[in-house]
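**Q** predicted model follows, preceded by the sequence.
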Amino acid sequence: MLLINSNRLGETALNRMAEFAFASQINTAEQLTVRVKTNPGLLAQGELESLHINGVGLVMRQDLRLEQMQLQMTGIRVKPLKALLGNIELAQPSHGRGCMVLTDRDFHGAFHSPDLGDRLTALGHTLTSIHTHLQPEGTLAITFTGEGLPATTWQFLPIINPHQGVILTPQTAIPPALQSLEALLRSQGEAVFNLRRFELKGLKFAIAGLTVQQGVVTLEAIAAMTQFPA
């Protein structure tokens with residue numbers, strides 16, 4: 001379900017643009033609400049009061065799933081003459097905050113993506129099974145088996161680095177022969193924690209906080225909008 005609401009603007013080009021932009025970047029959603037709040041007076045001055053996105057069960061491109069997304073952008077400056085004609089162009093970058101929730105199910109999908117399989121093959125590894133679990137002590141456990149590999153579990157602790165975003169630090173000794181495999185699985189996990197695969201066109205996220213509980217991680221993010229999604 002996709003709802004586009006605005007203040008006094010009705011079905012304007014602005015709302016149609018927002019609806020098309022976000023719907024085109026999300027394959028499916030259990031629930032998705034996009035609200036653009038403004039009025040003709042603000043728009044004439046080149047300002048959108050706010051942009052809110054609330055979604056549940058979002059399946060992004062590449063079939064990657066996000067349990068929840070809440071995003072709020074405020075004080076969005078746009079070029080007023082173009083805006084009045086329904087052509088929304090940012091006059092300057094805008095910032096806001098978001099809260100995203102991922103579950104074991106979402107990590108499982110990311111670790112069974114075709115691109116990861118291709119990279120494993122390129123490294124000469126064949127995994128017959130791989131499972132990920134968010135642990136109550138705050139770690140990500142990756143359990144796998146493969147050709148010539150017994151069932152193995154590696155634990156990684158997510159830590160926020162101000163310059164690199166979320167990095168995963170191994171809590172398990174890694175045999176030298178498997179360090180390339182460890183680096184690949186770790187990078188896949190970091191991509192999920194940093195929401196790299198879940199960014200929308202014109203929007204990027206920087207992780208500001210995270211809480212890992214059993215089966216779920218909640219990410220607090222700073223959102224930067226460099227262009228109005230279109």
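**A** Yep, it's here.

**Q** ranges for the helices of this protein?
**A** Using DSSP state H, the helices of the chain run over 13-25, 40-44, 80-84, 104-110, 114-123, 179-193.

**Q** quick one, grab the pLDDT at residue 218.
**A** With respect to pLDDT, residue 218 has a value of 98.

**Q** how much space between it and residue 188?
**A** 20 Å (CB to CB, to the nearest Å). Any C-beta I mention is one placed from the backbone N, CA and C, and that applies to glycine too.

**Q** those two - which one has more neighbours?
**A** For residue 218 versus residue 188, neighbours defined as other CB atoms under 10 Å are more numerous around residue 188 (22 against 15).

**Q** what's the closest non-adjacent residue to the more buried one?
**A** Closest residue to residue 188 apart from its sequence neighbours, by CB to CB, 6 or more residues apart in numbering: residue 116 at 5.6 Å.

**Q** what's the answer for residue 166, then?
**A** Using CB to CB, 6+ apart, the nearest residue to residue 166 is residue 193, at 3.9 Å.

**Q** domain-wise, how is this structure divided?
**A** Structural domains annotated on the chain: 2-102+198-225, 107-193, as defined by automatic domain parsing.

**Q** for residue 205, list the residues it contacts.
**A** 98, 100, 194-195, 198-199, 221-224 (CB atoms under 8 Å, 6 or more residues apart in numbering).

**Q** hang on, the earlier thing: ok, now which ones touch the residue nearest to residue 166?
**A** In this structure, residue 193 makes contact with 158, 165-166, 168, 207, 210, 217, 219, judged by CB under 8 Å, 6+ apart.

**Q** filter the residues you listed down to just the buried residues.
**A** The neighbour-count test (16 or more other CB atoms under 10 Å) marks 158, 165-166, 168, 207, 210, 217, 219 as buried among the contacts of residue 193.

**Q** residue 54: which of those is nearest?
**A** Checking these against residue 54 with CB to CB, the nearest one is residue 219 at 15.5 Å.

**Q** tally of neighbours for the closest residue to that closest one other than its chain neighbours?
**A** Nearest residue to residue 219, sequence neighbours excluded (CB to CB, 6+ apart): residue 100, at 4.6 Å. Counted with other CB under 10 Å, the neighbours of residue 100 add up to 23.

**Q** same question for residue 167.
**A** 17.

**Q** hey, what's the residue nearest to it when sequence neighbours are not counted bridged with?
**A** Closest residue in space to residue 167, ignoring its immediate chain neighbours: residue 161 at 5.1 Å, by CB to CB, 6+ apart. For residue 161, the beta-bridge partners are residue 165 (DSSP bridges).
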